[in-house]
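> output the structure for:
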Amino acid sequence: MSERIPLTLGRFRFAVQLAMLVLTVWGAAFVGSYVADRLSTALPALSCAYDNSTGAHCVLVPLQHQMHHRVGEVLAKTGQLTLTMFLPVAMTVLSFFAFFFVLNKAFCGWICPLGTVQEIINRVGRRFNLPLHTLSARGTGRVRPVKWLAVLLLILGLPVLAGLGVLSHGWGNPFCDVCPSRLATTLLSGSTEQLGLRDDPLAFTLGAFGNALFGFVIVGALAIRQPFCRICPMLGWNALFQRLSPLRLVKRQHDKCEQCGICTRACPMDIPEIAREHGRRAFAEDCTLCGRCVEYCPDDGVIQLKWGPLRLFASSREYYKRRVKGESPDGVVKPLRFVRKPAAPARSGGDAS
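Residues are numbered from 1 along each chain as shown. Next up, the predicted model:
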C-alpha cells in the first residue's frame, strides 16, 4: 500500500526553484526571444545576460556597465554630476526595487538559478552520505564581509575606475567575468563559449579565476550548503534593501530557543542569529527567506514568514513532526516507504499441549 507524500513548504519551494530554473535558463525557448527581451527589461534581476536562451537578465550587469560608462566617464569628462549619469543608474535601481519590493531576498532562496543548482548538488551529497560541513558563528562572521567587499570593489569601485581611465576598460564588468552563475546557466543551455579563455592577459586572468571559482562551487556544494551564496554580491545588494520590503522573517522571543538551535541547523546559510535573537535581529543579512527555519522550529508560531500584515507560513509543532519524518534539519533525506510492513501475527493465548 503506497504512502502519500505530504506537501511541505520545502517541497513547494523546490518545485518553484525548478520552475524558475527552467524560466531563467531556457526561458527564451518557451516564450520566444521577443517576450524574453521584454522580461529582461521589466525584471532585470533573474538570470545571466551571457545566456542566449535566458528569460531575463541580472541587475548587476547594467549596474557595472553604468558605473563604467556613465559614472566614471562623466566624472572624467565633465567633473559634474549630471542626468547623463544619474538617470540610467536610478532607472536600473528603481526597476530592480520594483521587483525586489514584492519578493525581498526570496529571489535568492526561491528563484536564483545558481542557488538552485547548488541546492541540487548538495542533495546529491546527502544521498551519498558525504560529510556535511557547517560554519560556526565565528566562521559565518568572518565570511560575511566578503560579499560587501565584492559589492564595493567588483560592482561599484573597479567599473568606476575603469570609466575614469585609471584602469583599463577590461575592468568594466569584473564581477561578470568571475561569476559562477555565468558558467552555470550557459552550460545548462548547452553553450560552452563562456568556458573559453581569451588572449588578453587581464581577460585571461579573470576568466581563469572565474573557471576555478565555478569548479570550487560545484565541488564544494557537495559538502557545504550554498557555498557561493555566502559571498555573492547579489546577497549583499539585496541586504541593502531588505528592510524596505513587506516580505520578511519574523521571530518572537521564546525561552527554549538558545537551548534548541534546530533552526540554525536547518538554515542553509548557518545563520546563528535565528536561534539566539528575536525581532529585527533574527532577520539577518545572510537570510535568503528560504523558510527552512520556519519549517523546523518545533514550537507554534515562534518563527513566521509574513508579507505586511499577512502571515504566509508559521512554525508549528505538528508540522515539525511531519517534516522530520521525511528530512532531518541538516538536509539528510530519509527513504520513503512505498510498501507498508506487514503487521506482526498475533500471539496465541497459550502454548500448544
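
> contacting residues for the nearest residue to Leu154 once chain neighbours are set aside?
The shortest distance from Leu154 to any non-neighbouring residue, by Cβ to Cβ, 6 or more residues apart in numbering, is to Phe175 (3.9 Å). Yep, even glycine has a C-beta here, placed from its N, CA and C like the rest. If you count contacts by Cβ atoms under 8 Å, 6 or more residues apart in numbering, Phe175 has them with 60, 64, 150, 154-155, 233.

> out of those, which is most surrounded?
Counting neighbours by other Cβ atoms under 10 Å, Leu60 leads the contacts of Phe175 with 27 neighbours.

> is it true that that one touches Leu235?
No: look at Leu60 against Leu235 with Cβ atoms under 8 Å: they stay out of range, at 11.4 Å.

> can you report how many residues neighbour Val93?
Using other Cβ under 10 Å, Val93 is surrounded by 18 other residues.

> try Ser181
When neighbours are defined as other Cβ under 10 Å, Ser181 has 25 of them.

> pLDDT below threshold where in the stretch 201-350 of the chain?
Applying pLDDT under 70 to the stretch 201-350 of the chain flags the ranges 335-350.

> try 80 this time
By pLDDT under 80, the weakly predicted segments of the stretch 201-350 of the chain are 258, 334-350.

> for it, just list every one of the helices.
201-220, 233-241, 257-260, 262-266, 273-276, 292-295, 317-326 (DSSP state H, counting those that start in this stretch).

> how about the third one as PDB, C-alpha atoms only?
To tie it back to what came earlier, the one meant is helix 257-260. Output of helix 257-260 as PDB, limited to C-alpha atoms (Å, rounded to 0.1, in the frame of the first residue of the first chain):
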ATOM      1  CA  CYS A 257      15.500  29.000  21.700                       C
ATOM      2  CA  GLU A 258      19.000  29.200  23.000                       C
ATOM      3  CA  GLN A 259      19.000  25.600  24.100                       C
ATOM      4  CA  CYS A 260      17.300  24.300  21.000                       C
END
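
> pull out the buried residues from that helix.
Within helix 257-260, the residues scored as buried using 16 or more other Cβ atoms under 10 Å are 257, 260.

> packing partners for that helix?
helix 273-276 (3 or more Cβ pairs under 8 Å, 6 or more residues apart in numbering; DSSP states H and E).

> dump the helix it packs on to CSV, restricted to CA.
Taking Å, rounded to 0.1, in the frame of the first residue of the first chain, the C-alpha atoms of helix 273-276 are listed here in CSV:
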residue,chain,number,x,y,z
GLU,A,273,21.0,34.9,14.8
ILE,A,274,17.9,33.0,14.0
ALA,A,275,18.4,30.8,17.1
ARG,A,276,19.7,33.3,19.6
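
> could I get the buried residue list for that helix?
For helix 273-276, a neighbour-count test (16+ other Cβ under 10 Å) marks 273-275 as buried.

> now, which of the residues you listed sits nearest Ile121?
Comparing these against Ile121 with Cβ to Cβ places Ile274 closest, at 23.8 Å.

> and that closest one, how far is that from Arg292?
Distance, Ile274 to Arg292, using Cβ to Cβ, to the nearest Å: 10 Å.

> joint contacts of the two?
Counting by Cβ under 8 Å, 6+ apart, the residues touching both Ile274 and Arg292 are 263, 267.

> contacts made by the longest helix belonging to the chain with the rest, please.
Ranked by residue count under DSSP state H, the longest helix found in the chain is helix 9-31. Among residues not part of helix 9-31, those counted as contacts by Cβ under 8 Å, 6+ apart are 5, 35-36, 39, 46-47, 51-56, 109-111, 113, 115-117, 119, 185, 188-189, 290-292, 294-295, 313, 323, 327.

> which of the residues you listed count as buried?
Buried among the contacts of helix 9-31 by 16+ other Cβ under 10 Å: 36, 39, 46-47, 51, 53-56, 109-111, 113, 115-117, 119, 185, 188-189, 290-292, 294-295, 323, 327.

> among these, name the ones in strands.
Assignment to strands by DSSP state E places none of those there.

> what about these, which are in helices?
Per DSSP H, the buried ones among the contacts of helix 9-31 map to helices at 36, 39, 113, 115-117, 119, 185, 188, 292, 294-295, 323.

> can you list those in a markdown table and add distance to Phe228?
Shown next, in a markdown table, are these (distance: Cβ to Cβ, whole Å):
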| residue | distance to Phe228 |
| --- | --- |
| Ala36 | 25 |
| Leu39 | 24 |
| Pro113 | 12 |
| Gly115 | 8 |
| Thr116 | 12 |
| Val117 | 10 |
| Glu119 | 11 |
| Thr185 | 13 |
| Leu188 | 16 |
| Arg292 | 18 |
| Val294 | 24 |
| Glu295 | 23 |
| Arg323 | 27 |
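
> just give the nearest non-adjacent residue to the most centrally placed residue in the chain, would you?
Taking Cα atoms, centre = their mean, the centroid of the chain lies closest to Cys108, which sits 3.0 Å from it. The shortest distance from Cys108 to any non-neighbouring residue, by Cβ to Cβ, 6+ apart, is to Thr288 (3.9 Å).
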